[in-house]
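S.K.: all I have is the shape, not the residue letters:
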Ligand code: CP
């Protein structure tokens, strides 16, 4: 996505956020449309907020139940999706462990496909809600110093946020153990740090990531205790930044590992703002794909 397309979604999200302040939090934008949530991996925030967003736009919503479906009998992702489209699904929101799964559907089907997280690749709705949250509080993304900490190698949140923040003119830094930072990020213009204390100097935003144990083959670091000592964000470390820093986390948090409980619940933490903004941003995404207003 270009910076103009990202900005268009963020601007649309502002209008959608206003809808959520009304007594009746509903608009008829997707009345008559059928949206399917097709989640092949667990989710709390993304799945719930897409469902709320779809209902606020008045869509008919089908939450596809994987364990009760014919996928367990061997039906493929593509055949399953074709059948859902045959039943009238005009938008499919998909989360899948395979990087590129949404692209396969987008190539093969005429319906709109929204990526709700694919493998270690991308999580665009998360990055858009993160950009929206930072823009809402800081006013502008351009010129901000944004630090992303942790398992950059396996994190689709990092992948999409690096893209989005760079596109909107931020300086992006990453910090973590060398085993978790892919060498190619420097080619994107990202500054790499292996020492968290040095990386925190002068930052406006620090985004902590969960270690993606489900995507690791092991041996990335000696122990969780050691990881937390060198790369966990504590109140002590937060003092290395100025008071205006925003602490972000896409969730789920592993309290006491990448983030101390004190920091997770501190005034600088905007973690629940991110979650709340997820509804408006996902309403905007559904709106732009349904109306074609991006193209
Ligand atoms: N941030 C995020 O994707 O959380 P869930 O896995 O709970 O959806």
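M.R.: Great, that's in hand. The model shown is predicted, which means the values in this text are computed figures rather than measured ones.
S.K.: now stretch 91-101: buried residues?
M.R.: Residues of stretch 91-101 classed as buried under the neighbour-count rule (16 or more other CB atoms under 10 Å) are 91, 92, 93, 94, 95, 96, 101. In short, each C-beta sits where N, CA and C put it, glycine included.
S.K.: which residue is the nearest non-sequential neighbour of the fourth one?
M.R.: The reference is to residue 94. Nearest non-adjacent residue to residue 94, counting by CB to CB, 6 or more residues apart in numbering: residue 38, 4.6 Å away.
S.K.: for the helix or strand containing the one you found, name the packing helices and strands.
M.R.: Taking DSSP states H and E as the definition, one finds residue 38 inside strand 34-39. Secondary-structure packing of strand 34-39 (3 or more CB pairs under 8 Å, 6 or more residues apart in numbering; DSSP states H and E): helix 45-56, strand 60-63, helix 77-86, strand 89-96.
S.K.: low-confidence bits of this structure, can you list those?
M.R.: Scanning the chain for pLDDT under 70 picks out 212-219, 295.
S.K.: and it, which of its residues are near the ligand?
M.R.: Proximity of the chain to the ligand, by CB under 6 Å from any ligand atom, involves residues 43, 44, 45, 46, 47, 117, 126, 250, 251, 252.
S.K.: quick one: buried ones out of those residues?
M.R.: Buried subset of the residues of the chain next to the ligand (neighbour count, 16+ other CB under 10 Å): 43, 45, 46, 47, 117, 126, 250, 251.
S.K.: which of those sit farthest apart?
M.R.: Greatest spacing in these, by CB to CB: 47 and 250 (13.7 Å).
S.K.: next, the residues that contact stretch 42-56 from outside, please.
M.R.: 16, 19-20, 25-27, 30, 35, 37, 39, 61, 63, 93, 95, 114, 116-117, 123, 125-126, 250-252, 275, 278-280, 282-283, 285-286 (CB atoms under 8 Å, 6 or more residues apart in numbering).
S.K.: can you tell me which of those residues end up in helices?
M.R.: Counting by DSSP state H, the members of the contacts of stretch 42-56 that fall within helices are 16, 19, 125, 126, 275, 278, 279, 280, 282, 283, 285, 286.
S.K.: residue nearest the centroid of the protein?
M.R.: By CA atoms, centre = their mean, the chain has its centre lying nearest to residue 126, at 1.8 Å.
S.K.: contacts only, for it.
M.R.: Contacts for residue 126 (CB under 8 Å, 6+ apart) come out as 46, 117, 156, 157, 160, 161, 250, 278.
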